[in-house]
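J.: Next comes the sequence, and after it the predicted model I'd like to discuss.
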2 protein chains.
Amino acid sequence: MKNIEKQIFNIGLIGLGNIGTKVAEELLQNDKFNQIFNLKTVLVRDLEKYYNLALKNKKFNVGNRKIAFDLVDVPEKIIEDENIDVVIELIGGVGPASEYVKKSLIAGKHVITANKELISKQIDELLHLSNKYNSKIKFEASVGAGIPIIELVLELSRQNQIRNIRGIINGTSNYILSKMSEDGSNFEDVLKEAQNLGFAESDPTNDVDGFDAKFKIAILGALAFKSEIPLESIYVDGIRGITNKDFEYAKELDLNIKLLAFAEKEGSTIFAKVHPILIPINDPMAKVDRNYNVIEIEGDLIGKLWIQGEGAGNNSTTSAVLGDLMSLFDSRQSDMLFLNQNLKIRTIDQDINKYYLRLVVVDQPGVLAQIAEIFSKNKISIASVIQKDLYPDNQFVDLVIMTHSSIEKNIQDVVKSISLLKVVQQDPLLIRVQN
Amino acid sequence: MKNIEKQIFNIGLIGLGNIGTKVAEELLQNDKFNQIFNLKTVLVRDLEKYYNLALKNKKFNVGNRKIAFDLVDVPEKIIEDENIDVVIELIGGVGPASEYVKKSLIAGKHVITANKELISKQIDELLHLSNKYNSKIKFEASVGAGIPIIELVLELSRQNQIRNIRGIINGTSNYILSKMSEDGSNFEDVLKEAQNLGFAESDPTNDVDGFDAKFKIAILGALAFKSEIPLESIYVDGIRGITNKDFEYAKELDLNIKLLAFAEKEGSTIFAKVHPILIPINDPMAKVDRNYNVIEIEGDLIGKLWIQGEGAGNNSTTSAVLGDLMSLFDSRQSDMLFLNQNLKIRTIDQDINKYYLRLVVVDQPGVLAQIAEIFSKNKISIASVIQKDLYPDNQFVDLVIMTHSSIEKNIQDVVKSISLLKVVQQDPLLIRVQN
């Protein structure tokens, strides 16, 4: 049981792969975390191999300790350690992760996991254990990495009847489909490229055959509708059969191909599926490319809500794990919010932008030269000028001037000087241009 | 002070306008809420006027009471009522809302407000009061209505260094700019149309001159960077000067015009501004149209995260207010999560989709007739057929068949039958088409 008087959380970490290593580094090196968390013990399978790796990682070296935590290969040293408050499970798969997670919950420890397979298969059992033993289980990293989609679904489902969820929730297959659509390349070539870039695993089955998306939509659906969705009830079709020809035909029909996951509720019936789908190229979801994930949630009050971000990667997944950790810590702290940073504030004067300036000027020789000189004096370089003759009697013209990047103060001085020119007919209109 | 043993929250509502009415209706009529919340007292300015309105609203009639709550015009009847746990403030503006909110916090009551002006001007003071008197203040509805952007910024800022926020956070001006861009209409006409449709107020200053967006970005920036941003430090430029000519010129340059709000942190300096900006038409933000809001948040771990939805409207704002209420309730309940709905699960058989079916067939007479007959037997109507002759020796052709909507079971039967035809060379590829 947690001691709510304690100032620090002791943490046991299970797994020291890419994400485990990044989580450990943040816990040890980032002042935001190492003040309130103590990474006590790390469990690995091969003690010798990881001991040598850990020795080489300078970020594991805190104070005069070569490795700041206890590196162990016996799970009991975490699960049975009464001083450990939170267990972070990052080994994936059902066994032995399931055993470690359950035993930790029963021992009253909070658990954080990124394990979508485990959660999708045992969510109901794990929530019951967590409620029974007054321990919490958090799994934000299991869907969409650092995109806080689990929290969003839980939050919205409190006050909305969620009707349906659809989304691109497998970054690897989205990367492959995007590249096929862009380049006209074929599936095998893009898969190889994705594997070389680290976007796809050497065995891509989980991603390209839709199983990863199935795990994730089972979790989202269960949380949205508060009802377990057995994996075997979820229809799954992957992207292996799709060829560059299909993208050609789709383009002729103004369509693009995406792998989408769906979960819907109608009355007291729910339904979930994962399959490739042809969507109009003007649907915003058709344009979510590369390894991006997107989830659209529709609720009775909220309408359609859309959240999008990098749904994979060590940093993004680490963000979710640390977010879960902070939320456990905050809920113990009654979550007080202070604005205690007292930062300096910059004004717009030093802002650097490109600018669009529209003027109405008298149509006579020398006007542009006069205006150009004002820009030059204020050290702003003109990128282009459009002159439009739209006025009766050709008395006036519109001048649209696009500048290169310049300091805000200088363009404000330009506008002031130009406004004073007799040949200028109205207040100039200034719009900033995105860099 | 709250009594944590109590099973029910007593609620005092200040303001019975559009959103107040919708909130009251949900609290009284929705079983999700009326089991745990009791709408005890509602404060209005004009007792006689609102009493008659309330009498007419059948949704305010619960049991044999004509109006289920006490309707009062004296604020003390809420602020000094020891039985009221939560005050919901929906009158807007600084005075007298500020006084009601502060007195409620000091009395130990939780406060929920949608008041962006109040929060942006007094956030630091209100948070201090809330922390001092152990009462909570929640204001999700103050930015982006039901889009839970406040919660998202708070969540991400726990484990990320947020670098910048940019977004379209005023639905009225975005509606006006979108219409001007689409139709080439001029500002005054679109403003009038927006006013008629209820998207713009009769005095549109707050929206079109950027003040509303200024309030909102001040709140988001303060929460992201944990430092107050005085409103007078925020540069603001509105959209009044923009004409249909500017949209023409922007289009020639492949640009679109949007009113964006920005908040950035660099080192220990922060900066916020609101102004129209020209952005490339291929930037996804250039395509967020109508009354939609979008916010992009960039953090060190998370990368760029994007959330989008309806940022205004009674339902959406009510969703945020009720979400705050549920979150106060859950935090008292230690926020246990159960999957207790036990819903039925539908399989894909009854799904209705359009379909894309690609076949490789022998190029000989009668093949299409054979295939079309299979569709017809299974009651699926063909929308179009593309035939592509891409093979050497013209031995085979690709047939791409698009169907009208049909039941999944029928198309599966079609695929099975077609696979058995001798003239079909490979397994057919089936992709569903978005309705």
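T.: Good, I have the coordinates. Since this is a predicted model, take the numbers as computed values, not measurements.
J.: which stretches of the stretch 101-250 of chain A form strands?
T.: Using DSSP state E, counting those that start in this stretch, the strands of the stretch 101-250 of chain A run over residues A:110-113, A:137-138, A:162-168, A:235-236.
J.: Can you list the neighbours in contact with the helix or strand of chain A with the lowest mean pLDDT?
T.: The helix or strand of chain A with the poorest confidence is strand A:344-345; it has a mean of 85 (mean pLDDT, DSSP states H and E). Strand A:344-345 is contacted by residues B:Ile229, B:Pro230, B:Ser233, B:Ser268, B:Thr269, B:Ile270, B:Phe271 when judged by Cβ atoms under 8 Å, 6 or more residues apart in numbering or on different chains. Every residue, glycine included, has its C-beta placed from N, CA and C.
J.: Can you list the strands that it pairs with?
T.: Here strand A:344-345 is paired, per DSSP bridges, with strand B:269-280 (parallel).
J.: So which elements touch the helix or strand following the strand it pairs with?
T.: As assigned by DSSP states H and E, the chain's next helix or strand after strand B:269-280 is strand B:292-299. Strand B:292-299 is packed against helix B:149-159, strand B:162-168, helix B:171-183, strand B:303-310, with contacts defined by 3 or more Cβ pairs under 8 Å, 6 or more residues apart in numbering or on different chains; DSSP states H and E.
J.: As JSON lines, the ones you listed with distance to chain A would be great.
T.: JSON lines is the format used below for these (distance: least, Cβ to the nearest Cβ, whole Å):
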{"stretch": "helix B:149-159", "distance to chain A": "4"}
{"stretch": "strand B:162-168", "distance to chain A": "9"}
{"stretch": "helix B:171-183", "distance to chain A": "11"}
{"stretch": "strand B:303-310", "distance to chain A": "4"}
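J.: if we compare the ones you listed, which one ends up closest to A:Ile112?
T.: Proximity to A:Ile112, assessed across these by Cβ to Cβ, is greatest for helix B:149-159 (11.9 Å).
J.: Below-threshold pLDDT in chain A: ranges please.
T.: A:1-6, A:332-336 (pLDDT under 70).
J.: any idea how it splits into domains?
T.: Residue ranges for the domains of chain A, per automatic domain parsing: A:9-141, A:149-312, A:348-433.
J.: For the ones you listed, give me TSV that also has mean neighbour count.
T.: Formatted as TSV, the domains of chain A follow (neighbours: other Cβ atoms under 10 Å in any protein chain shown):
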stretch	mean neighbour count
domain A:9-141	19
domain A:149-312	20
domain A:348-433	16
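J.: Any chance of a markdown table for these, columns distance to B:Gly20?
T.: A markdown table is the format used below for those (distance: least, Cβ to Cβ, whole Å):
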| stretch | distance to B:Gly20 |
| --- | --- |
| domain A:9-141 | 34 |
| domain A:149-312 | 15 |
| domain A:348-433 | 37 |
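J.: ok, back up a step: okay, the helices and strands packed on strand B:292-299 in TSV with distance to B:Pro96 next?
T.: Formatted as TSV, the helices and strands packed on strand B:292-299 follow (distance: least, Cβ to Cβ, whole Å):
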stretch	distance to B:Pro96
helix B:149-159	24
strand B:162-168	31
helix B:171-183	26
strand B:303-310	30
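J.: need the strands of the stretch 101-250 of chain A in a markdown table with distance to B:Gln395, can you?
T.: Formatted as a markdown table, those follow (distance: least, Cβ to Cβ, whole Å):
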| stretch | distance to B:Gln395 |
| --- | --- |
| strand A:110-113 | 54 |
| strand A:137-138 | 59 |
| strand A:162-168 | 38 |
| strand A:235-236 | 34 |
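J.: quick one: which of the ones you listed is nearest chain B?
T.: strand A:235-236 (3.8 Å; Cβ to the nearest Cβ).
J.: could you pull out the helices for the stretch 101-250 of chain A?
T.: Ranges of helices in the stretch 101-250 of chain A, per DSSP state H, counting those that start in this stretch, are A:116-132, A:149-159, A:171-183, A:187-197, A:205-208, A:211-225, A:244-252.
J.: Tell me what angle the last one forms with helix A:171-183.
T.: The reference is to helix A:244-252. Angle of helix A:244-252 versus helix A:171-183, following axes from the mean of the first three to the mean of the last three Cα atoms, to 10 degrees, is 70 degrees.
J.: If you count contacts, what does helix A:244-252 end up packed against?
T.: Secondary-structure packing of helix A:244-252 (3+ Cβ pairs under 8 Å, 6+ apart): helix A:171-183, strand A:255-266, strand B:352-362, strand B:382-388, strand B:396-403.
J.: Torsion angles phi and psi at A:Ile380?
T.: Dihedral angles of A:Ile380 (phi, psi; degrees, to the nearest 10) stand at phi -110, psi 130.
J.: Pull up the gap between the closest residue to it other than its chain neighbours and B:Leu359, please.
T.: For A:Ile380, ignoring the flanking residues on the chain, the nearest one in space by Cβ to Cβ, 6 or more residues apart in numbering or on different chains is A:Ser406 at 4.3 Å. With distances taken as Cβ to Cβ, to the nearest Å, A:Ser406 is found 60 Å from B:Leu359.
J.: Kindly report the same for A:Arg166.
T.: For A:Arg166, the distance to B:Leu359 equals 28 Å [Cβ to Cβ].
J.: same question, A:Leu420
T.: Applying Cβ to Cβ, the value for A:Leu420 to B:Leu359 is 73 Å.
J.: For the residue in the stretch 1-150 of chain A positioned nearest to chain B, list the residues it contacts.
T.: Proximity of the stretch 1-150 of chain A to chain B (Cβ to the nearest Cβ) peaks at A:Gly146, 4.3 Å away. By Cβ under 8 Å, 6+ apart, A:Gly146 lies in contact with A:309-310, A:315-320, A:323, B:301-303, B:305.
J.: let's see it at 6 Å
T.: By Cβ atoms under 6 Å, 6 or more residues apart in numbering or on different chains, the contact set of A:Gly146 is A:Ser316, A:Ser319, A:Ala320, B:Ile302.
J.: Could you do A:Val86 as well?
T.: Residues in contact with A:Val86, defined by Cβ under 6 Å, 6+ apart, are A:Phe9, A:Ile11, A:His110.
J.: Any chance of a markdown table for those, columns distance to chain B?
T.: Formatted as a markdown table, these follow (distance: Cβ to the nearest Cβ, whole Å):
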| residue | distance to chain B |
| --- | --- |
| A:Phe9 | 14 |
| A:Ile11 | 14 |
| A:His110 | 12 |
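J.: longest helix of chain A?
T.: Across chain A, the longest stretch assigned as helix under DSSP state H is helix A:314-332.
J.: Not counting that one itself, show me its contacts.
T.: Helix A:314-332 has contacts (Cβ under 6 Å, 6+ apart) with A:4, A:18-19, A:22-23, A:110, A:112, A:114, A:138, A:140-141, A:145-146, A:310, B:158-160, B:301-302.
J.: near chain B, which residues of the stretch 151-300 of chain A show up?
T.: Residues of the stretch 151-300 of chain A lying close to chain B (Cβ under 6 Å from any Cβ of the partner chain) are A:155, A:158-160, A:222, A:226-228, A:233, A:235, A:241, A:249, A:268-271, A:273, A:275-279.
J.: can you check the stretch 1-150 of chain A too?
T.: Residues of the stretch 1-150 of chain A lying near chain B (Cβ under 6 Å from any Cβ): A:Asp124, A:Leu127, A:Asn131, A:Gly146, A:Pro148.
J.: Mind picking the two most distant members of the residues you listed?
T.: The distance between the two most remote of these (Cβ to Cβ) is 26.7 Å, for A:Asn131 and A:Gly146.
J.: show me the contacts for A:Asn174.
T.: Counting by Cβ under 6 Å, 6+ apart, A:Asn174 touches A:Ile168.
J.: Chain B versus that one, what's the distance?
T.: Look at A:Asn174 and chain B: by Cβ to the nearest Cβ, to the nearest Å, they are 15 Å apart.
J.: For A:Pro276, see how far away that residue is.
T.: Distance, A:Asn174 to A:Pro276, by Cβ to Cβ: 11 Å.
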